[in-house]
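Asker: could you look at this predicted model? Sequence included:
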Amino acid sequence: MNRRNLLGLALLGSVTAGLAACGGGGDPLSSTSSSTTSGSADSSSVIIGSANFPESELIAEMYAQVLEGKGVKVERKFNIGARELYLKALDDGSIDLLPEYNGALLAYYLKGDAPQGVSSPEQVLDALKPKLPSGLEVLDQAAAEDKDSLSVSSDTASKYNLKSIADLAPVAKDLVAGGGPEFVKRYQGLVGLKELYGVEFKEFKSLDPGGPLTVGALKDGTIQVGNIFTTDSAITTNKFTVLEDPKNLFLAQNVLPLIRSSKSNDTIASALNAFSAKLTTENLTEYLSKVQVDKQDSATVAKAFLSANGLA
């Protein structure tokens with residue numbers, strides 16, 4: 001997924017402790033949650049982090065295995081939390097590398113200043129690079145894209161004749177939306193929905209970022225509009241309608257590695273660039289479903305992906 005300095009280390013500590021209490025297997029930023037590999041000709045080492053949703057953890061595990069295959073020593077510190085937290089961890093050196101999404105990262109650094117004339121993956125990447133803080137850089141972006149969406153059930157779409165986010169404006173006052181708690185204050189969230197579309201919901205329920213709580217609440221009618229990621233198989237399985245976004249609130253969100261410049265070298269860059277060249281929206285969706293639907297662990301799925309794509 002530097003975050004905002006106003007959060008501070010105290011907040012980072014409290015959130016990661018909360019994740020541990022929820023069964024996260026311990027503090028994701030502690031050294032006990034790592035694994036390493038050694039015995040290579042390359043002396044590089046890197047600490048890889050991830051956000052707190054399955055796709056981020058899966059891609060981070062793919063990064064880890066790709067680099068281990070090149071003899072890089074890897075330490076895993078996954079499931080850190082939302083962008084506001086894991087960028088702080090990247091900034092303070094708790095982690096060195098993690099998977100990010102070009103448009104979401106650009107929106108974060110723009111702090112709500114919507115870019116003009118920026119929509120394609122290449123335009124988003126060009127706009128992002130000069131906004132990165134000193135000491136951070138991105139490597140090649142993948143064709144794989146996973147965008148935020150506002151999704152509704154087929155019944156809700158039919159009842160209110162919803163095809164686009166713009167269609168929500170006159171009816172949102174009667175609807176409950178749900179998603180990750182961070183969606184409330186993000187421009188690519190409630191802030192931008194109000195500014196660009198005039199959409200203000202009756203209520204917003206803080207659930208999880210495109211995860212099972214949001215999906216479940218959308219299925220049982222607790223919420224009528226959910227923030228779900230477009231690669232989530234739950235959209236197809238439950239016949240949800242993804243509302244169109246004609247004003248491009250949700251920019252292109254291609255997957256790319258975000259890394260501390262001090263850790264980027266030829267071995268790491270070439271290995272991750274080769275991986276990104278193989279990652280598409282279609283194969284990411286396919287392998288993510290093995291985690292979310294088939295309940296396979298990320299390490300097993302990552303290994304299968306790398307083998308199938310000539311990267312192992």
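Answerer: Alright, I've got the coordinates.
Asker: three-state assignment of Phe204?
Answerer: Look at Phe204: counting by DSSP: H, G, I helix; E, B strand; the rest coil, its state is strand.
Asker: ok, for it, nearest residue in space, not its chain neighbours?
Answerer: Nearest residue to Phe204, sequence neighbours excluded (CB to CB, 6 or more residues apart in numbering): Ala177, at 5.1 Å. For glycine as for every other residue, the C-beta is placed from the backbone atoms N, C-alpha and C.
Asker: show me which helix or strand of the chain is least confident by mean pLDDT.
Answerer: Across the helices and strands of the chain, mean confidence by mean pLDDT, DSSP states H and E is lowest for helix 8-19: a mean of 36.
Asker: next secondary structure after that helix?
Answerer: strand 45-49 (DSSP states H and E).
Asker: same for that following strand, what does it pack against?
Answerer: Helices and strands touching strand 45-49, as assessed by 3 or more CB pairs under 8 Å, 6 or more residues apart in numbering; DSSP states H and E, comprise helix 54-69, strand 73-77, helix 83-91, strand 97-101.
Asker: could I get the CA-only coordinates of the last one as CSV?
Answerer: If I follow you right, that is strand 97-101. The C-alpha trace of strand 97-101 is given here as CSV (Å, rounded to 0.1, in the frame of the first residue of the first chain):
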residue,chain,number,x,y,z
LEU,A,97,8.9,-2.5,-0.5
LEU,A,98,5.3,-3.2,-1.1
PRO,A,99,2.7,-3.5,-3.9
GLU,A,100,0.8,-0.3,-4.7
TYR,A,101,-1.8,1.1,-7.1
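Asker: quick one: Glu203 and Lys173, what's the gap?
Answerer: 10 Å (CB to CB, to the nearest Å).
Asker: same deal with Lys88?
Answerer: In this view, Lys88 and Lys173 are 36 Å apart by CB to CB.
Asker: before we move on, back to that, what number of residues lie near the residue nearest to Phe204?
Answerer: Residues lying near Ala177 (other CB atoms under 10 Å) number 29.
Asker: again, but for the one 10 residues further on
Answerer: The burial metric for Tyr187, expressed as a neighbour count using other CB under 10 Å, is 18.
Asker: cool, and Asp155?
Answerer: Neighbours of Asp155 using other CB under 10 Å come to 12.
Asker: can you check Val291 too?
Answerer: Neighbours of Val291 (other CB under 10 Å): 20.
Asker: what's the helix or strand for it?
Answerer: helix 281-292.
Asker: and Ser164, what does it touch?
Answerer: Ser164 sits next to 243-246 when contact means CB atoms under 8 Å, 6 or more residues apart in numbering.
Asker: mind giving me the domain ranges of this protein?
Answerer: Domain assignment for the chain by automatic domain parsing gives 8-145+253-308, 148-242.
Asker: and those, which one is worst for confidence?
Answerer: Mean pLDDT values for these show the minimum at domain 8-145+253-308, a mean of 84.
Asker: what's the most buried one of the helices and strands packed on strand 45-49?
Answerer: strand 97-101 (a mean of 27; mean count of other CB atoms under 10 Å).
Asker: tilt between the helix or strand just after it and strand 97-101?
Answerer: Sequence-wise, the next helix or strand downstream of strand 97-101 (DSSP H and E) is helix 102-110. If you take axes from the mean of the first three to the mean of the last three CA atoms, to 10 degrees, helix 102-110 sits at 100 degrees to strand 97-101.
Asker: okay then, goodbye and thanks.
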